[in-house]
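Participant: Just need the structure, nothing else, for what follows:
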Amino acid sequence: MDYKKLVTDALVKVLDGQIAADKVYQLLEKPKSLELGDYAFPAFPLAKVMHKAPQMIATEIVENINQDGFQKIEAVGPYVNFFLDKSNFSAEILHQVITEGSKYGDQNIGNGGSVPIDMSSPNIAKPMSMGHLRSTVIGNSIAKLLEKTNYEPIKINHLGDWGTQFGKLIEAYKLWGSEEEVKADPINKLLEYYVRFHKEDVDHPELDEEARAWFKKLEDNDEEAVHLWKWFREESLKSFMKIYGVLGVEFDSYNGEAFYNDKMDEVVSMLEEHHLLKESQGAQIVDLEKYNLNPALIKKTDGATLYITRDLAAAIYRKRTYDFAQSLYVVGNEQTNHFKQLKAVLSEMGEDWSDDIHHIPFGLITQGGKKLSTRAGRVILLEEVLDDAVKLAEEQIAAKNPNLKNKEKVADQVGVGAVIFHDLKNERMNNFDFDLEEVVRFEGETGPYVQYSHARAMSILRKANNPEFDSKMKYQLADEDSWEVITKIATFPDIIKRATEEYEPSVVAKYSLHLAKAFNKYYAHTKILVEDENKLARLALVKSVATVLNESLRLLGVQAPEEM
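Facilitator: Residues are numbered from 1 along each chain as shown. Prediction:
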């Protein structure tokens, strides 16, 4: 039942046409405290219409309203507060969760529409650092949310596998590298060469000329340059795949920048056909003054294409290939202007589907308040962070539950899950400093706390011999301790809808923390396994909590151990 509609209908009847039903529905609020009820209607908007003080209007509504279906309705100042019938509400919510299981919260917002998600996109020949974590886990969680709301996400790893940096890397390798070194430790050695290049070229600017020459050879299909490029790419992908395996992230496409090399001439031709290209100081641009944007630089003076040309080719390719309902780019906030230009150029080309492209920006992970930088050599390697997180989890499990079965597997789930959860609990636009010991704590607002709450619920069910629940039975609970948990479970579908529409996984992460906290409070105050007429209803509540916490964690890309 839509309980918000129940409240709306009761108000509409007593207000007798003074305000439209849809307006009443929009005005309904969730009070900050359950002591003030489950829904509140503010009487302020009626003051002008009824020529009365809001407090008086609220009092009159309560005096005349039909209270059937509610525990009580009362006026508090200018608000009408509605308290739902706890027994009926709890029976309905628990029945729904137990019947639907992990499908609870599923919705048909997307009607099966496809949504390419450009995410992760590390650069070849550089290790994945903490800087790559955000795009990867935010994109992965958004994909899971889209799937739950009946979209078809297509996860694309748009690899940084082309550009002048490869000229620099080839030059560095030719000067200081060896095949044996790279084969022994590919990514770290390639990074070492790359960082050294940027230190050396400060005093030796001729290195930049050599690097440009190597990249020109690569563009011209020089045999040695192409061989080295392919080798660097293959070794990098092996390293990336290992980390994606640990994170539990899979992709539908690894088409990177190089994939679009043969598709950019068509873009330039299309721009010419639309008479959009203009010459500016020898370069080819698209004027975007009417959008209050800088010109989009399509070709440099030497005829080389740029990122925006490649992204135009990628956007057109994705529309033709997937006929998307939306196309998402989970890319850092610093690229906001680039995506505004991309959409503006597509719009100028007459591609009205450019409105379906959305940049999903996010803030930075910092270290000691400073931005991470590959070029400066200030890198926190993602693989090392995940390894350290698992070790910290192992230490805590050994201290808290030394006899736990599958300790190593649980430590993997907890350590990796802690890193992912910590990223996603932060609103994506916020910057945050990373402190591993804080991240892997079992207490506080952490992933392990939510995982532990889920494991506790599963433990209670095991102690009760994993009871079977009859979908025809009514599991009614009317006590105050269970009410906070039940009302939180009831909001899960709204949480999914909001998180999906806002592309904001933190909505789910914060919700899971609130539900875990409410459940642990319930556990502390209630003897769940005591033999009485409400025992099965309490266990139905525990089962529902386990189901919703498990699904919340899954949507974040975090596993939910049954024991911890």
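
Participant: what's in contact with stretch 323-335?
Facilitator: Contact with stretch 323-335 is made by 110-111, 113-121, 134-135, 138-139, 142, 151, 315, 318-319, 339, 353, 356-364, 429, 503, as judged by Cβ atoms under 8 Å, 6 or more residues apart in numbering. (C-beta placed from N, C-alpha, C; glycine too.)

Participant: roughly how far is that stretch from the heart of the chain?
Facilitator: Taking Cα atoms, centre = their mean, to the nearest Å, the mean C-alpha location of stretch 323-335 is offset from the chain mean by 13 Å.

Participant: So which bits of it are buried?
Facilitator: Taking 16 or more other Cβ atoms under 10 Å as the basis for neighbour counts, the residues of stretch 323-335 that come out buried are 324-331.

Participant: one step back: tell me which of the contacts of stretch 323-335 fall in strands.
Facilitator: Helix and strand membership here follows DSSP state E; of those, those in strands are 114-118, 357-359.

Participant: out of the residues you listed, which are buried?
Facilitator: Buried subset of these (neighbour count, 16+ other Cβ under 10 Å): 114-118, 357, 359.

Participant: And those, which is closest to residue 452?
Facilitator: When those are ranked by distance to residue 452 (Cβ to Cβ), residue 117 comes first, at 30.8 Å.

Participant: List the contacts of the closest one.
Facilitator: 139, 142-143, 146, 153-156, 328, 330.

Participant: now these in TSV, with distance to residue 479?
Facilitator: What follows is the contacts of residue 117, written out as TSV (distance: Cβ to Cβ, whole Å):
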residue	distance to residue 479
139	42
142	38
143	39
146	38
153	41
154	47
155	44
156	50
328	44
330	43
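
Participant: most neighbours, which of those?
Facilitator: Taking other Cβ atoms under 10 Å as the neighbour criterion, residue 139 ranks highest of these with 30 neighbours.

Participant: so how far is the top helix by length along the chain from its chain's centroid?
Facilitator: Ranked by residue count and defined by DSSP state H, the top helix of the chain is helix 223-247. Mean C-alpha position of helix 223-247 versus that of the full chain (Cα atoms, centre = their mean) differs by 26 Å.

Participant: what's the answer for stretch 342-357, then?
Facilitator: Average the C-alpha atoms of stretch 342-357, do the same for its chain, and the two points are 25 Å apart (Cα atoms, centre = their mean).

Participant: try stretch 79-98
Facilitator: Here the centre of mass of C-alpha atoms in stretch 79-98, compared against the chain's by Cα atoms, centre = their mean, lies 30 Å away.

Participant: same deal with stretch 307-317?
Facilitator: Distance of stretch 307-317 from its chain centroid, counting by Cα atoms, centre = their mean, is 24 Å.

Participant: now the lowest-mean-pLDDT helix or strand in the chain: how far from the chain's centre is it?
Facilitator: Taking mean pLDDT, DSSP states H and E as the measure, the helices and strands of the chain show their lowest mean at strand 370-371, namely a mean of 72. With Cα atoms, centre = their mean as the basis, the distance from the averaged C-alpha position of strand 370-371 to the chain average is 22 Å.

Participant: now do stretch 482-493
Facilitator: 22 Å.

Participant: Please state the mean pLDDT value computed over that stretch.
Facilitator: Averaged across stretch 482-493, pLDDT comes to 96.

Participant: outside of that stretch, which residues touch it?
Facilitator: Applying Cβ under 8 Å, 6+ apart, the contact partners of stretch 482-493 are 3, 34, 38, 86, 89-90, 93-94, 97, 104-105, 107, 477, 511, 514-515, 518-519, 521-522, 526, 538, 541, 544-545, 548, 551-552.

Participant: Just the buried ones from those?
Facilitator: Buried among the contacts of stretch 482-493 by 16+ other Cβ under 10 Å: 3, 38, 86, 89-90, 93-94, 97, 104-105, 477, 511, 515, 518-519, 522, 526, 538, 541, 544-545, 548, 551-552.

Participant: Give me the helices and strands touching the helix or strand hosting residue 551, please.
Facilitator: In this structure, residue 551 is located in helix 535-556 according to DSSP states H and E. Contacts of helix 535-556 with other secondary structure elements, assessed using 3 or more Cβ pairs under 8 Å, 6 or more residues apart in numbering; DSSP states H and E, are made with helix 86-100, helix 130-148, helix 407-425, helix 447-463, helix 480-490, helix 492-501, helix 506-525.

Participant: Indicate which one of those is closest to residue 15.
Facilitator: Of those, nearest to residue 15 by Cβ to Cβ is helix 86-100, at 23.9 Å.

Participant: In terms of secondary structure, what does that closest one contact?
Facilitator: Counting contacts by 3+ Cβ pairs under 8 Å, 6+ apart, the secondary-structure elements packed against helix 86-100 are helix 480-490, helix 535-556.

Participant: Residue 425 is nearest to which of the ones you listed?
Facilitator: helix 535-556 (8.7 Å).

Participant: If you tally nearby residues, what's the number for the residue lying closest to residue 142 once chain neighbours are set aside?
Facilitator: When the adjacent residues along the chain are set aside, residue 142 lies closest to residue 503, with 5.5 Å between them (Cβ to Cβ, 6 or more residues apart in numbering). For residue 503, the number of neighbouring residues by other Cβ under 10 Å comes to 23.

Participant: per-residue confidence for residue 503?
Facilitator: Predicted confidence (pLDDT) at residue 503: the value is 98.

Participant: Does it touch residue 360 like I think?
Facilitator: Yes. Counting by Cβ atoms under 8 Å, residue 360 is a contact partner of residue 503 at 4.8 Å.

Participant: Show the low-confidence segments of the stretch 351-500 of the chain, by residue range.
Facilitator: Residues of the stretch 351-500 of the chain meeting the criterion pLDDT under 70: 372-379.

Participant: ok, and what's touching the one helix or strand residue 10 maps to?
Facilitator: Element membership of residue 10, judged by DSSP H and E, is helix 3-15. Residues outside helix 3-15 that contact it (Cβ under 8 Å, 6+ apart): 19, 21, 24-25, 28, 38-39, 41, 46, 61, 64-66, 69-70, 73, 80, 82, 84, 89, 490.

Participant: ok and that helix relative to helix 480-490, angle-wise?
Facilitator: Angle of helix 3-15 versus helix 480-490, following axes from the mean of the first three to the mean of the last three Cα atoms, to 10 degrees, is 100 degrees.

Participant: okay, the angle between helix 3-15 and helix 86-100?
Facilitator: Here the directions of helix 3-15 and helix 86-100 differ by 140 degrees (the same axes, to 10 degrees).

Participant: May I see the buried residues of helix 3-15?
Facilitator: Neighbour-count burial for helix 3-15 flags 3-4, 6-8, 10-12, 15 (criterion: 16+ other Cβ under 10 Å).
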